[in-house]
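**Q** Below are the sequence and a predicted model for it; my questions follow.
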Amino acid sequence: MWQRELENLGFATIPAVLGLHEIQLFLTGLGKLVLPRTKAGIRHMFNHKSTAAFAQDVRLMAIACDVLRSKRNAVSCDPF
């Protein structure tokens, strides 16, 4: 399982979490973003609809919660 890979390598690849169409929509949305360069940096991208929806996807949240070994809302974690 991917959990064993995570423990051994520090990262894991989890196939087929998202569909190809979902990934294409996300990448198209990213390509259209105009992000201001401020002290907050690239974190502004989480304010945009497409990236916020991606970050809050229940499938990705379930993986994040499993990795963090917590049932808390992982969206509040700062990735930087």
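**A** Happy to help now that I have it.

**Q** Tell me the secondary structure of residue 35, please.
**A** Here residue 35 is coil, with the state taken from DSSP: H, G, I helix; E, B strand; the rest coil.

**Q** which non-adjacent residue is nearest it?
**A** residue 44 (5.2 Å; CB to CB, 6 or more residues apart in numbering). Quick note: C-beta positions are derived from backbone N, CA and C, even for glycine.

**Q** What count of nearby residues applies to residue 5?
**A** For residue 5, the tally of surrounding residues (other CB atoms under 10 Å) stands at 13.

**Q** Hmm, it is touching residue 12, no?
**A** Yes: counting by CB atoms under 8 Å, residue 5 touches residue 12, with 4.1 Å between them.

**Q** Quickly note the distance from the residue most central in space within the chain to residue 36.
**A** Nearest to the mean C-alpha position of the chain, counting by CA atoms, centre = their mean, stands residue 55 at 4.4 Å. To residue 36, residue 55 is 19 Å away according to CB to CB, to the nearest Å.

**Q** now do residue 24
**A** Residue 24 is 26 Å from residue 36, by CB to CB.

**Q** Could you do residue 16 as well?
**A** Counting by CB to CB, the gap from residue 16 to residue 36 is 35 Å.

**Q** ditto for residue 56
**A** Counting by CB to CB - residue 56 and residue 36 are separated by 22 Å.

**Q** Looking at these two, which is more packed in?
**A** Per other CB under 10 Å, whichever of residue 56 and residue 36 has more neighbours is residue 56, with 13 against 7.
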